[in-house]
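Asker: here is a sequence together with a model predicted from it:
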Amino acid sequence: MSEMLEVRGLSKKFGNVVTAENVTFDVREGTALGIVGPNGAGKSTLLSLITGVLPSDSGTITFDGQNITSLSAASRTKAGIARSFQIPRPFVDMSVFENVYVGATFGGGFHGQVGYEAAVRALETTGLMHLSEKPAGQLRLLDRKRLELARALATNPRLILLDEIAGGLTEKELPPLIELIRGLRDSGVTVVWIEHIVHALTAVVDELMCLAIGRVLAIGDPQEVMRSPEVIEVYLGSTFDLGEAS
Ligand SMILES: Nc1ncnc2c1ncn2[C@@H]1O[C@H](COP(=O)(O)OP(=O)(O)O)[C@@H](O)[C@H]1O
Ligand SMILES: [Mg+2]
């Protein structure tokens, strides 16, 4: 299996604030990489650098063998990279279907029947079909998370980047979301998933990466990363959720 994403020496500062410093990692096609790290580590910024919403100061990003470092965000979406946001911002007055259709047309560039079919597929995958007529603003939190995922999936991504999609869910709500993300990975979509709830991550991911102050502290086998002294030190006294999967 080949690498779907290759990040090499990626750096980014906002003034004096370091958000990425020589970040280097790979994600193999069809696998899932989890990302943990304290607040302010640069996790969300890393996703913005990969999607091209923010320019990096230096470094290269290769997607499925193509150097995309200087491609626009729109071109990267068309190439097959999608992202969910830490704070979902659906169009609250539009229906669930319309929200997903917007993802398919403006994000994916799929119009007419093709866009319609992409939206329906994303709704089916995320289990939202029965809510398709409902205004997005009326959804409960778990369904808002599903909608965020569906909007990203409607672009037909080969790489999906998830930013704390499980944040705020109850322990009971977690398993369906975990299953959904595992299902995506198992269907061949490459996944990069930022999450504070470590047991949700380790239930799915093949590798785990820990970031702190824009640097990669550790990457590799999830259990080994969680046991590494650098990672333990960073998390001392923090709200790291190591609970068991239910
Ligand atoms: N657009 C921006 N302009 C200036 N500083 C930013 C911007 N985005 C993020 N930052 C800063 O970069 C650091 C990393 O932020 P972020 O990537 O959101 O971290 P994380 O997702 O790991 O919590 C923080 O100190 C944050 O305040
Ligand atoms: Mg963040």
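Answerer: Sure, I can see it. Ligands and ions are numbered 1, 2, ... in the order given.
Asker: what residues does this structure have near ligand 1?
Answerer: Residues of the chain that fall close to ligand 1, judged by CB under 6 Å from any ligand atom: F14, V17, T19, G37, N39, G40, A41, G42, K43, S44, T45. For every residue, glycine as well, the C-beta is placed using N, CA and C.
Asker: tell me which of these fall in helices.
Answerer: When helices are assigned by DSSP state H, the members of the residues of the chain next to ligand 1 inside them are K43, S44, T45.
Asker: the lowest-mean-pLDDT helix or strand in the chain: which residues count as buried?
Answerer: For the chain, scoring each helix and strand by mean pLDDT, DSSP states H and E identifies helix 229-235 as the least confident one, at a mean of 88. Using 16 or more other CB atoms under 10 Å as the test for burial, helix 229-235 gives V231, V234, Y235.
Asker: likewise for stretch 180-193?
Answerer: If you call a residue buried by 16+ other CB under 10 Å, then stretch 180-193 has these buried ones: L180, I181, L184, R185, V189, T190, V191, V192, W193.
Asker: any residue of that stretch touching ligand 2?
Answerer: No - counting by CB under 5 Å from the ion, no contacts exist between stretch 180-193 and ligand 2, the nearest distance being 12.4 Å.
Asker: got the CA coordinates for the helix or strand harbouring E179 in PDB?
Answerer: Secondary structure assignment for E179, by DSSP states H and E: helix 174-186. Output for helix 174-186, consisting of C-alpha atoms alone and laid out as PDB, is shown next (Å, rounded to 0.1, in the frame of the first residue of the first chain):
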ATOM      1  CA  LEU A 174     -19.600   7.700  21.200                       C
ATOM      2  CA  PRO A 175     -19.900   4.100  20.000                       C
ATOM      3  CA  PRO A 176     -22.100   4.900  16.900                       C
ATOM      4  CA  LEU A 177     -19.700   7.600  15.900                       C
ATOM      5  CA  ILE A 178     -16.700   5.400  16.400                       C
ATOM      6  CA  GLU A 179     -18.300   2.700  14.300                       C
ATOM      7  CA  LEU A 180     -19.000   5.200  11.600                       C
ATOM      8  CA  ILE A 181     -15.400   6.400  11.400                       C
ATOM      9  CA  ARG A 182     -14.100   2.800  11.500                       C
ATOM     10  CA  GLY A 183     -16.500   1.900   8.700                       C
ATOM     11  CA  LEU A 184     -15.100   4.800   6.600                       C
ATOM     12  CA  ARG A 185     -11.500   3.600   7.200                       C
ATOM     13  CA  ASP A 186     -12.500   0.000   6.400                       C
END
